[in-house]
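Trainee: sequence and predicted structure are below.
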Amino acid sequence: MDTRYYYDHGTPAERWERAGLFFGAKDYTAAARVLSGLVEEVPEQTGPRLLLARSYYHSAQLRRAEAELRIIVERDPVEHYARLMLGRTLERQGRNEEAESHLRIAAALAGEFDGGLDREFDHA
């Protein structure tokens with residue numbers, strides 16, 4: 001059976017909803033499969049790309065998460081959540097020095113300087 005149809009069929013809105021259901025059920029790999037096609041179709045939209053990066057992050061596909069987050073940050077340097085995620089993704093890869101600048105920028109953009117972003121990210 002060709003499962004690509006299941007992940008790729010429907011309107012963009014239907015696929016976005018399906019990806020959200022997978023993500024909510026913590027099936028991050030399935031969410032990423034749906035979202036990767038959606039991001040190809042609507043590459044200018046931040047929402048699907050950010051959820052794709054989150055799906056990659058939570059399924060330990062850290063290089064893929066990093067690549068998506070870098071695209072978002074390049075397009076929108078003040079997207080604080082993408083900065084935060086990029087910092088955390090780099091940390092998980094053991095690249096702490098590189099992560100630090102993104103985490104500081106994220107904290108400044110969020111107006112938090114006391115580490116409060118750690119709590120925000122843990123609940124994402």
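Mentor: On my side now, so go ahead.

Trainee: tell me the contacts of H58?
Mentor: Remark: with contacts taken as Cβ atoms under 8 Å, 6 or more residues apart in numbering, H58 is in contact with 26, 28. For every residue, glycine as well, the C-beta is placed using N, CA and C.

Trainee: where does pLDDT dip in the protein?
Mentor: 1-6, 113-124 (pLDDT under 70).

Trainee: in it, which spans are helices?
Mentor: Under the criterion DSSP state H, helices of the chain are mapped to 4-8, 12-24, 28-41, 46-58, 62-75, 80-92, 96-110, 116-122.

Trainee: what is the burial count for the residue nearest to L52 when sequence neighbours are not counted?
Mentor: Computed as Cβ to Cβ, 6 or more residues apart in numbering, the closest residue to L52 that is not its neighbour in sequence is L35, at 4.0 Å. Residues lying near L35 (other Cβ atoms under 10 Å) number 30.

Trainee: find the nearest non-adjacent residue to the residue nearest the centre of the chain, please.
Mentor: Centrality entry for the chain: nearest residue to the mean C-alpha point is A53, 2.4 Å, by Cα atoms, centre = their mean. Nearest residue to A53, sequence neighbours excluded (Cβ to Cβ, 6+ apart): E68, at 3.9 Å.

Trainee: so R33 makes contact with F23?
Mentor: No: the criterion here is Cβ atoms under 8 Å, and R33 misses it with F23 at 11.5 Å.

Trainee: mind checking how far the nearest residue to A82 once chain neighbours are set aside is from G20?
Mentor: Computed as Cβ to Cβ, 6+ apart, the closest residue to A82 that is not its neighbour in sequence is I72, at 4.2 Å. Distance from I72 to G20, counting by Cβ to Cβ, to the nearest Å: 18 Å.

Trainee: and the two? Which one has more around it.
Mentor: Taking neighbours as other Cβ under 10 Å, I72 and G20 compare with I72 leading, 20 against 14.

Trainee: state the distance from that one to P43.
Mentor: Distance from I72 to P43, by Cβ to Cβ: 11 Å.
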